[in-house]
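K.L.:
Quick one, structure for this:
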Amino acid sequence: MPSTATATQPTIEKDFYRIGEVSRLTNLKPFVLRYWETEFPMLEPVKSSSGHRLYRQEDVAMVLRIKRLLYDEGFTIAGARRHLREQNGSGENDGVTSNAAGGGAAEGAAHLLSRKMLLDLRDTLRAFLTLLERK
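P.N.:
Model prediction:
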């Protein structure tokens, strides 16, 4: 019976996952994962002595968060990076949470969403401006 327990849960008990395993778990191509490593500093798999990427459980969770932000919620890469930075502590003291406490949680959430949309729009406009300046 011990062999059936390990056969049904091989990925749950693992400490590290190789990039191919993460690719299959998240339904993303390995090149996308490698690119995201360059764009999201909080995504830092460790390297084995042979140079293979080894993703920890928290790295896999971060990949899934990034995927949700980019694919489901429509964030840009810059917007998703900013959102994750704010979620990790620095954004909790920017005044938005104090406004939410005074004016209701729903109003604060709407304000935060509007702010994120405006920041994403600004990033997109800057990118277009850069493209126009090159021509």
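K.L.:
got the domain boundaries for the protein?
P.N.:
Split into domains by automatic domain parsing, the chain comes to 12-75, 99-135.
K.L.:
What mean pLDDT does the shortest one get?
P.N.:
Translated: domain 99-135. The average pLDDT within domain 99-135 is 68.
K.L.:
cool, stretch 35-42 as well?
P.N.:
The pLDDT scores in stretch 35-42 average 93.
K.L.:
Okay, helices next: where are they in this protein?
P.N.:
Along the chain, counting by DSSP state H, helices occupy 2-8, 19-26, 30-39, 57-67, 77-87, 96-103, 105-134.
K.L.:
For residue 55, which residues are in contact?
P.N.:
Each residue near residue 55 by Cβ atoms under 8 Å, 6 or more residues apart in numbering is listed here: 16-19, 21-22, 45, 63. All C-beta spots, glycine's among them, are computed from the backbone N, C-alpha and C.
K.L.:
Mind doing that once more with 6 Å?
P.N.:
When contacts are counted by Cβ atoms under 6 Å, 6 or more residues apart in numbering, residue 55 touches 17, 22, 45.
K.L.:
and the last one, how many neighbours?
P.N.:
The local packing count at residue 45 equals 22, with neighbours defined by other Cβ atoms under 10 Å.
K.L.:
Could you tell me the phi and psi values at it?
P.N.:
Here is the backbone geometry of residue 45 (degrees, to the nearest 10): phi -70, psi 150.
K.L.:
didn't residue 19 look like it was pressed against residue 51?
P.N.:
No: assessed by Cβ atoms under 6 Å, residue 19 is found out of contact with residue 51, at 11.3 Å.
K.L.:
And residue 75, its phi and psi?
P.N.:
Per degrees, to the nearest 10, the backbone of residue 75 is at phi -70, psi 150.
K.L.:
roughly how far apart are it and residue 81?
P.N.:
9 Å (Cβ to Cβ, to the nearest Å).
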